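*Asks:* structure of the sequence below:
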Amino acid sequence: MLHTFAIYVDNKPGVLNRVASLFRRRAFNIESLTVGHTETKGISRMTVVVDTDEYGARRLEAHLYKLVPCRRVDNITSSPAISRDLALIKVAATGEARTHVMQLVDVYRARIVDVSPESLVIETTGTEDKIDSLVEVLRPYGVIEMVRTGRVAMARGITPARPIAPRVPPAAGSDIGGDVSNCSV
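*Replies:* Numbering: from 1, shown residues only. Here you go, the predicted model:
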């Protein structure tokens, strides 16, 4: 089953690598990954889609909380949520085929963002199924190139927002983990 995680992280260099490495080390394949700024300065939000069972999802969430740059992890798989994907599709289109492609674009409520003598570039936003369907009907005309953003998702309605707690660096010489004399290195 596909699980969707919203992960709030510090907007710092290397954070994406640390999160992706955690998935790699635990042998989980990331199906989709998007990252962007949030409404809070210095915080980015990752939307990660991974194929796992419920036990694996709980394990991933626990491991993500152990990473220092992770501020909050929400598994929004079972929550009512809105999810979208964006795609740019370059299609070979000349003559009569161009007219047919333009009609298909209208049916799918997509839009043409670039026109050249030999091709059209189509922008579409929607569910992954809608984009897959559009790609399949455009395939006979000749899909030259395609790029997709991956899933972005947000829980519907007003969810009890847990604040993103600021990270407080430990004071110099403080002992975070208790007695350090019995820690192994």
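
*Asks:* how is the protein carved up into domains?
*Replies:* Here the domain parsing of the chain from automatic domain parsing is 2-78, 82-152.

*Asks:* any chance of the ones you listed in TSV, plus distance to residue 158 and mean neighbour count?
*Replies:* To be clear about C-beta, it is placed using only N, CA and C from the backbone, and glycine gets the same treatment. Shown next, in TSV, are the domains of the chain (distance: least, C-beta to C-beta, whole Å; neighbours: other C-beta atoms under 10 Å):
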stretch	distance to residue 158	mean neighbour count
domain 2-78	14	16
domain 82-152	14	15
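
*Asks:* how about the strands in the protein?
*Replies:* With DSSP state E as the criterion, the chain has strands at 2-10, 30-37, 43-51, 70-75, 81-92, 111-115, 119-126, 143-148, 152-155.

*Asks:* with distance to residue 57 and mean pLDDT added, can I get the ones you listed in TSV?
*Replies:* Converted to TSV, the strands of the chain look like this (distance: least, C-beta to C-beta, whole Å; pLDDT from 0 to 100):
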stretch	distance to residue 57	mean pLDDT
strand 2-10	4	95
strand 30-37	13	94
strand 43-51	8	95
strand 70-75	6	92
strand 81-92	15	95
strand 111-115	36	96
strand 119-126	25	96
strand 143-148	23	96
strand 152-155	14	91
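
*Asks:* now those strands in JSON lines, with distance to residue 24?
*Replies:* Shown next, in JSON lines, are the strands of the chain (distance: least, C-beta to C-beta, whole Å):
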{"stretch": "strand 2-10", "distance to residue 24": "15"}
{"stretch": "strand 30-37", "distance to residue 24": "9"}
{"stretch": "strand 43-51", "distance to residue 24": "11"}
{"stretch": "strand 70-75", "distance to residue 24": "16"}
{"stretch": "strand 81-92", "distance to residue 24": "23"}
{"stretch": "strand 111-115", "distance to residue 24": "35"}
{"stretch": "strand 119-126", "distance to residue 24": "30"}
{"stretch": "strand 143-148", "distance to residue 24": "22"}
{"stretch": "strand 152-155", "distance to residue 24": "22"}
